[in-house]
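Asker: Sequence unavailable; structure follows:
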RNA sequence: GCGCCCGUAGCUCAGCUGGAUAGAGCACUCGCCUUCUAAGCGAGUGGUCGCAGGUUCGAAUCCUGCCGGGCGCGCCA
């Protein structure tokens, strides 16, 4: 249990005692009582708002209640001083041995330091990437892939059971086009001159080998056969090949999904019929004509009857078609059933989507609400576009331009770890520039470098200490730490809180910012040794102090490793 | 016209789901530095948290309305 959790638990117990003693009324809601480090460290190590939050419902004033709570807090072994400040904050300073113990806890827990039971084993399904299987991964997919993967790791570390899922959009018009495009390449492989790839087909050269393979396997059987004889086959083969490519691309980033769910399979398994029937039974499906969209009317708009889902019942702005006027399913119609399928085996669903799909969040939330009766928690994370920059200039990409930068190219150029870390240096819903030069720059303003450098520096220390003091080191003596060393421990002790907060908010970027701050503090501590040699980690004539400071450094390295592991980034032993 | 996301220092961004005097990097100014791993260190300047109301002990954070930017807007995926 982390030191904050321990103090929070102690506070909770003491509030129980106060209730039993009649100092507080029974049944108070304590959910907004917090124990946190104060923003300003001069206020102490920890602060609680308990008095301010509880005063009103308890029918007393914050200062008076704070006095009562403070009196009991003073009896806690780990608490050294307690005072009341401002409108009723209770500030605590902990005994230094409590902090020393936290460093010991870091070493004892090792790779598990920061692991939480917050999730209590609840199951979470994180669906991410889900790029259309029509080509290789490009940079447009990259950020969602990294954010989703890091979030999945983070939730696992926070005590949830996590499923990483990829939804294969293998049922719509786009994969039909893919099948036809491969057929062209197939005819090409048979020796036919196909000329330029016509408009509306996928022109990518990555389809050539698939055409060749089909030619080798089937000869000219389908060369001039009607589409009905080959389209399904070619589509399936093409999708399978695309998914192999995509899996390879994702592997370059260290991303491996547990489940690849197929849109076509959702349909053929009858899941859509079941879901729609269920909604129909609740009067949530009807045939009707939608109002035309407000504002400028599309030229081809005409009123037609479709099968609609009453999304407006659940807060959407319009009811939404699940079947087209020709009776075929819409994307949403299947997606709705797909979410019902995911909800069968998860307590919590998380989707990671590109921001360009933001307009459809409400309808899918409405659908999940309707299908699960609100029993399944559902969050859609929108991830903003990444602008690729080279030498300060925007790298223009587009299907039309045919020059989109592939994920594999970027990983090859700057490395998996740099890509992953950089993608997490912004909130998901904020736009981001990815500059090829800046992300590999060796300087303080590059967080990737700065965090890795801290870890490498500590690794180097380990090697140096072995040279300076061959043989066994004495056990660390934590009582020799000064204020700066204790401050570093306090910052480390925040890691478990950051993990929980980040997992709770579904915001893996917080780990990256935390690590940057921790690295900065470590570098600052290190630099004390520049002016004052006696403040260095390695003190030539004091093996005991050296061992103690190395122990502290190693603790920081451990926390950095744990944080980086959540981000899917390897820690470096030395800078190259 | 509607919906979603966003608006914080000159620039790029954090801000722990409502806490105390709003933070970091860059840039700028002033010092220092030839090192336990070099790719620097320390300090300083810089803010009406888009604007206006509201909620309460307390708001950058929650609510409403404007202003500005991005994305999207029946039968695409």
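Answerer: Thanks, I have it. Because the structure is a prediction, the values reported are computed rather than measured.
Asker: Give me the distance from the lowest-mean-pLDDT helix or strand in chain A to the chain's centre.
Answerer: Counting by mean pLDDT, DSSP states H and E, the weakest-scoring helix or strand in chain A turns out to be strand A:393-394, with a mean of 76. Strand A:393-394 has its average C-alpha position 27 Å from the chain's average C-alpha position, going by Cα atoms, centre = their mean, to the nearest Å.
Asker: and what of stretch A:341-357?
Answerer: Using Cα atoms, centre = their mean, the distance from the centre of stretch A:341-357 to the centre of the chain it belongs to is 13 Å.
Asker: what about it, how long is it end to end?
Answerer: End-to-end distance of stretch A:341-357 (Cα to Cα, to the nearest Å): 21 Å.
Asker: buried set for it?
Answerer: A:341, A:342, A:343, A:346, A:347, A:348, A:349, A:350, A:351, A:352, A:353, A:354 (16 or more other Cβ atoms under 10 Å). For the C-beta atoms, the positions are set from N, CA and C on the backbone; glycine is no exception.
Asker: Next one: the residue sitting furthest away from the middle of chain A relative to residue A:573, how far apart?
Answerer: Distance from the C-alpha centroid of chain A peaks at residue A:224, with 48.6 Å (Cα atoms, centre = their mean). For residue A:224, the distance to residue A:573 equals 61 Å [Cβ to Cβ, to the nearest Å].
Asker: What of residue A:451?
Answerer: When Cβ to Cβ is the yardstick, residue A:451 and residue A:573 sit 14 Å from each other.
Asker: Look at the two and report which has more neighbours.
Answerer: Neighbours of residue A:451 and residue A:573, each counted by other Cβ atoms under 10 Å, are more numerous for residue A:451; the result is 27 against 14.
Asker: Now for the more buried one: which residues touch it?
Answerer: Taking Cβ atoms under 8 Å, 6 or more residues apart in numbering as the contact definition, residue A:451 lies against A:421, A:515, A:516, A:519, A:560, A:564.
Asker: Which phi and psi values does residue A:167 adopt?
Answerer: The phi and psi torsions at residue A:167 (degrees, to the nearest 10) take the values phi -100, psi 120.
Asker: With residue A:168 instead?
Answerer: Recorded main-chain torsions at residue A:168 are phi -90, psi 110, according to degrees, to the nearest 10.
Asker: number of nearby residues for the closest residue to it other than its chain neighbours?
Answerer: Excluding the flanking residues, the one nearest residue A:168 by Cβ to Cβ, 6 or more residues apart in numbering is residue A:262, at 4.8 Å. Look at residue A:262: counted by other Cβ under 10 Å, it has 19 neighbours.
Asker: how much space between residue A:262 and RNA strand B?
Answerer: Applying Cβ to the nearest atom of the strand, to the nearest Å, one obtains 11 Å for the distance of residue A:262 from RNA strand B.
Asker: how close does that residue sit to residue A:162?
Answerer: Spatial separation of residue A:262 from residue A:162 under the definition Cβ to Cβ is 21 Å.
Asker: How about residue A:322?
Answerer: For residue A:322, the distance to residue A:162 equals 30 Å [Cβ to Cβ].
Asker: Who has more neighbours out of those two?
Answerer: Counting neighbours by other Cβ under 10 Å for residue A:322 and for residue A:162 shows that residue A:322 has the greater number, 26 against 22.
Asker: Checking the more buried one next. Helix, strand or coil?
Answerer: The local conformation at residue A:322, judged by DSSP: H, G, I helix; E, B strand; the rest coil, is strand.
Asker: can I assume it is in contact with residue A:335?
Answerer: No. With contact defined as Cβ atoms under 8 Å, residue A:322 does not count as touching residue A:335 (9.5 Å).
Asker: Look up phi and psi at the residue nearest to residue A:468 when sequence neighbours are not counted.
Answerer: Take residue A:468 and drop its neighbours on the chain: the residue closest to it by Cβ to Cβ, 6+ apart is residue A:538, 5.5 Å away. Its backbone dihedrals place residue A:538 at phi -90, psi 110, with angles given as degrees, to the nearest 10.
Asker: Can you name the residues of the stretch 451-576 of chain A sitting close to RNA strand B?
Answerer: Within the stretch 451-576 of chain A, the positions lying close to RNA strand B (Cβ under 7 Å from any atom of the strand) are A:453, A:456-457, A:459-461, A:463-464, A:497-498, A:501, A:504-507, A:509-510, A:513, A:520, A:523-524, A:526-531, A:533, A:535-538, A:574-575.
Asker: any idea which of the contacts of residue A:451 has the most stuff around it?
Answerer: Counting neighbours by other Cβ under 10 Å, residue A:515 comes out on top of the contacts of residue A:451 with 30 neighbours.
Asker: Contacts for the helix or strand harbouring that one next, please.
Answerer: Under DSSP states H and E, the secondary-structure element containing residue A:515 is helix A:509-531. With Cβ under 8 Å, 6+ apart as the contact definition, helix A:509-531 has outside contacts at A:147, A:150, A:154, A:421, A:424-428, A:447, A:450-451, A:453-455, A:457-458, A:484-485, A:487-488, A:491-492, A:494-495, A:498-499, A:501-502, A:535-537, A:553, A:556, A:559-560, A:563-564, A:566-567.
Asker: try it again with 7 Å
Answerer: The list of residues contacting helix A:509-531 from outside it, by Cβ atoms under 7 Å, 6 or more residues apart in numbering, reads A:154, A:421, A:424-428, A:447, A:450-451, A:454, A:457, A:484, A:488, A:491, A:495, A:498, A:501-502, A:535-536, A:556, A:559-560, A:563-564, A:566-567.
Asker: Now that helix: buried residues?
Answerer: A:509-516, A:518-522, A:525-526.
Asker: how distant is the helix or strand following that helix from the center of its chain?
Answerer: For helix A:509-531, the succeeding helix or strand toward the C-terminus, using DSSP H and E, is helix A:543-567. Its chain's C-alpha centre lies 25 Å from the corresponding centre of helix A:543-567 when counted by Cα atoms, centre = their mean.
Asker: isn't residue A:453 right next to residue A:575, touching?
Answerer: Yes. When contacts are counted by Cβ atoms under 7 Å, residue A:453 is listed as touching residue A:575 (6.1 Å).
Asker: if you count what's nearby, which of those two comes out ahead?
Answerer: Neighbours of residue A:453 and residue A:575, each counted by other Cβ under 10 Å, are more numerous for residue A:453; the result is 20 against 13.
Asker: phi, psi of the more buried one?
Answerer: Summarising the backbone geometry of residue A:453 under the convention degrees, to the nearest 10, its torsions are phi -60, psi -40.
Asker: same thing with residue A:149?
Answerer: For residue A:149, the backbone dihedrals are phi -70, psi -40 (criterion: degrees, to the nearest 10).
Asker: ok, for it, nearest residue in space, not its chain neighbours?
Answerer: residue A:255 (4.8 Å).
Asker: Shouldn't the one you found be within a strand?
Answerer: No. Under three-state DSSP, residue A:255 sits outside any strand and is assigned coil.
Asker: Which pLDDT does the model give it?
Answerer: Note on residue A:255: pLDDT of 97.
Asker: Provide a list of residues in contact with the residue most central in space within chain A.
Answerer: Using Cα atoms, centre = their mean, the residue of chain A that lies closest to the mean C-alpha position is residue A:151, 2.4 Å off. Under the criterion of Cβ under 7 Å, 6+ apart, the neighbours of residue A:151 are A:126, A:350, A:506, A:508.
Asker: and what of residue A:190?
Answerer: For residue A:190, the residues meeting the contact criterion (Cβ under 7 Å, 6+ apart) are A:215, A:220, A:223.
Asker: now with 10 Å?
Answerer: Taking Cβ atoms under 10 Å, 6 or more residues apart in numbering as the definition of contact, the neighbours of residue A:190 are A:211, A:212, A:214, A:215, A:216, A:218, A:219, A:220, A:222, A:223.
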